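1. pasting a predicted model and its sequence here:
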Amino acid sequence: MSTLENTPRVAVTAEDFRQALAEIHDKIRAAAQRAGRDPSEIRLLPVSKTVSEERIRAAHAAGMQQFGENKVQEAQHKATDMADLGIHWAIIGPLQSNKTRDVAEFAHEFQALDRIRIARRLNTQLKENDRTLDVYVQVNVSGEETKSGLELGEVENFLEQLLEFDALNVKGLMTMAIHTGDEAVIRHNFSVLRRLRDDLLERRPELIGEAGLSMGMTNDYEIAIEEGATVVRVGTAIFGERDYSE
Ligand SMILES: *Cc1c(COP(=O)(O)O)cnc(C)c1O
């Protein structure tokens, strides 16, 4: 028998979203306090992939002004249709080189930079549009072959090469923790990225911009905050389970 209890909660109205936001901000605050951090250092990036325009508008009415998307085409569609809202769009998934021109036109942020060829194209195309783009360099901390991102040992040299691209504003490093229920392993992934950041900040501060750390999703954002995240990318906890059938 289907019951209300086992139906995933899906936020629809602005009131639903206000409630979801309040709950997440409470958890962000608590996690920051456990780590002795100031909660205002932590930015919540709602991830709206697969979410309809109508529900994004409701989320915006509840106070969300930035959204993360992992597919360029979907994001660009939404940016065009909701141009009236002045949303800050963040691309958080890997980019094919034939999509850089679109990103250079509408996106404000790209969190999965791990190839110089992509950086160069973005830089050239952004300049043609007289725009700039905030970027995070993605690092594959867990070493899983299926994950994008640089190896730890490649990051410093990559950041050095980015210096020549003045339309790209380096904001920091991004990672996705290994997919596991083992909290200690997840925590270790996040702390490895933080230590890399700390080391670069000490030796090469000119490379790392604001030295931000984008890490943590619905299942692990509280751990990520305890380990130093300055951006958490949260989809399911805000919008409910994603429906890929549409
Ligand atoms: C989908 C996605 C998220 C959000 O995932 P949830 O588990 O729904 O919070 C975060 N980061 C990236 C890169 C994603 O693709």
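-> That came through, no problem.
2. which bits of this protein sit near the ligand?
-> Contact residues, the chain versus the ligand (CB under 6 Å from any ligand atom): 47, 49, 70, 92-93, 176, 217-219, 233-236. No exception for glycine: its C-beta is placed from N, CA and C like everyone else's.
3. try 8 Å
-> Counting by CB under 8 Å from any ligand atom, the chain comes close to the ligand at 47, 49, 68, 70, 92-93, 111-112, 174, 176, 217-219, 221, 233-239, 242.
4. narrow the residues you listed to those that are buried.
-> Buried members of the residues of the chain next to the ligand, counted by 16 or more other CB atoms under 10 Å: 47, 49, 68, 70, 92-93, 111-112, 174, 176, 217, 219, 221, 233-235, 237-239.
5. filter the residues you listed down to the ones in helices?
-> 221, 237-239 (DSSP state H).
6. and the residues you listed as TSV, adding distance to residue 164 and pLDDT?
-> Listed next are those as TSV, based on distance: CB to CB, whole Å; pLDDT from 0 to 100:
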residue	distance to residue 164	pLDDT
221	34	98
237	39	96
238	37	96
239	38	95
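7. flag the shaky bits of this protein, pLDDT-wise.
-> 1-9, 246 (pLDDT under 70).
8. one more pass at 80, please.
-> The model of the chain has pLDDT under 80 over residues 1-9, 245-246.
9. and the strands in the chain?
-> For the chain, the strands defined by DSSP state E occupy 43-46, 66-69, 88-91, 109-113, 133-138, 168-174, 212-214, 231-234.
10. now the angle from the fourth one to strand 168-174?
-> Read it as strand 109-113. Relative orientation of strand 109-113 versus strand 168-174 (axes from the mean of the first three to the mean of the last three CA atoms, to 10 degrees): 60 degrees.
11. please save the CA atoms from strand 109-113 in CSV.
-> The C-alpha coordinates for strand 109-113 follow below in CSV (Å, rounded to 0.1, in the frame of the first residue of the first chain):
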residue,chain,number,x,y,z
GLU,A,109,30.2,30.3,-12.4
PHE,A,110,31.8,27.0,-13.4
GLN,A,111,32.7,24.6,-10.7
ALA,A,112,34.1,21.6,-12.6
LEU,A,113,37.2,23.1,-14.3
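12. no further questions, thank you.
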